[in-house]
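Peer 1: Pasted the sequence and its predicted model underneath.
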Amino acid sequence: MGSRISARIGAISESATLAVDAKAKALKAAGRPVIGFGAGEPDFPTPDYIVEAAVVAARDPKNHRYSPAGGLPELKQAIADKTKRDSGYEVEAAQVLVTNGGKHAVYNAFATLLDPGDEVLLPAPYWTTYPETIRLAGGVPVEVFADESQNYSVTVEQLEATRTPRTKALLFCSPSNPTGAVDSPEAVEAIARWALEHDLWVITDEIYEHLTYGDAKPTSIPVVVPELADKTIVLNGVAKTYAMTGWRVGWLIGPKDVVKAATNLQSHQTSNVCNVAQRAALAAVSGDLTAVDEMKKAFDRRRRTMVRMLNEIPGVECPEPTGAFYAYPSVKGVLGREINGRTPATSAELADLILDEVEVAVVPGEAFGAPGYLRLSYALGDEDLAEGLGRIAKLLS
């Protein structure tokens, strides 16, 4: 008798970031003083004007009914307007599909493009969901690793060395989850021109576009190389920019034929995204970025504190992230050292040790295709951040 679970679903790995966050929250609920650096989630509440738009929408009977599967027309237009305002990419509403969060946009993009066996070049370290959605869509993720010596940014030469006749697409994410790296405009253009030369699709995740620091600036691929727009899908959403992770509104932008096909897929998967959440997203993308700028100031302050404290720990090397809200230190210098009677050989074992010994939750690099590293989110309060890093420092020093 075969397995009760299909091979396709049985092969999916649990989301490591959500698993770490769930474990930390369970310990906290049990009364333990756990500090969690696991989830990529702003600690700020959703801005009041967005919440108020949802309250008004919930009282309006028109939002109690089905709406178009691809998104409310006014939200799709607002997303097109916001895209031109924020990145300079001019698109029509017909090029937008509103999805149930960013992960849904990622899956719909790959499901719409990939046939069985198609390869997708996946720069590593990568967000844990990318390879799973590629496999679910029938594709084959092909990792291209860039370490801290190159600021976690892959080169054209690395991509070309990995390309095969089966390569159909490249996944690109800058600012990056998990590393916080932001590729320079020159690097982005070089990669885009390489993709154009080899007739590849590019799926570019821009969800952290507004979270950059210092001189770093996000660069949108179809803006720097407009000729590639017809083979580019842009992924985005309200989660990170507007502290709306729980509202579940994302989107993809692409050529009309691809968006039409992805919308057809979604019409059978989920139908429309919750109308109340769409109305909240409409208020978010139509408003200014004042609330975002306030959050960025706090993130920037925490970023500098985290990098300084991590680099003071013997055996830890942390490049300065210039985007998103993650630090991604190498802990290779810590592995193999005895710590409280235990000798962690991997970053996964080290993460377990840190949680057991000092009740601080971090995500090991194994989750992102890069053993020997940890990911720590600095999207948490200043006091908790300093306390958690202090506990890790005391344990490892």
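Peer 2: Arrived safely.

Peer 1: Give me the distance from stretch 173-182 to the chain's centre.
Peer 2: Put simply, stretch 173-182 sits 8 Å off its chain's centre (Cα atoms, centre = their mean, to the nearest Å).

Peer 1: can you dump the C-alpha coordinates of it into PDB?
Peer 2: Output of stretch 173-182 as PDB, limited to C-alpha atoms (Å, rounded to 0.1, in the frame of the first residue of the first chain):
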ATOM      1  CA  CYS A 173      15.900  39.100  -5.100                       C
ATOM      2  CA  SER A 174      17.400  42.500  -4.100                       C
ATOM      3  CA  PRO A 175      17.200  43.700  -1.400                       C
ATOM      4  CA  SER A 176      17.700  40.100  -0.300                       C
ATOM      5  CA  ASN A 177      16.100  37.800   2.200                       C
ATOM      6  CA  PRO A 178      18.000  36.300   4.000                       C
ATOM      7  CA  THR A 179      21.200  38.300   3.700                       C
ATOM      8  CA  GLY A 180      20.100  41.900   3.500                       C
ATOM      9  CA  ALA A 181      22.400  42.400   0.500                       C
ATOM     10  CA  VAL A 182      21.500  45.000  -2.100                       C
END
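
Peer 1: tell me the average confidence for it?
Peer 2: Averaged across stretch 173-182, pLDDT comes to 97.

Peer 1: Would you mind pulling the contact partners of it?
Peer 2: The set of residues external to stretch 173-182 that reach it, using Cβ atoms under 8 Å, 6 or more residues apart in numbering, is 40, 123, 125-127, 130, 151-153, 183, 188, 204-205, 207-209, 211-212, 216-219, 303, 319, 321-328, 363, 367-368, 375. To be clear about C-beta, it is placed using only N, CA and C from the backbone, and glycine gets the same treatment.

Peer 1: Recalculate using a threshold of 6 Å.
Peer 2: Contacts of stretch 173-182 with the rest of the structure, by Cβ atoms under 6 Å, 6 or more residues apart in numbering, involve 125, 127, 151-153, 183, 205, 208, 212, 216, 321-324, 326, 328, 368, 375.

Peer 1: which one is Ala58 nearest to, not counting chain neighbours?
Peer 2: When the adjacent residues along the chain are set aside, Ala58 lies closest to Val276, with 5.1 Å between them (Cβ to Cβ, 6 or more residues apart in numbering).

Peer 1: and the host helix or strand of the one you found, what does it pack onto?
Peer 2: Using DSSP states H and E, Val276 maps to helix 275-286. Applying 3 or more Cβ pairs under 6 Å, 6 or more residues apart in numbering; DSSP states H and E, one finds that helix 275-286 contacts helix 48-59, helix 73-87.
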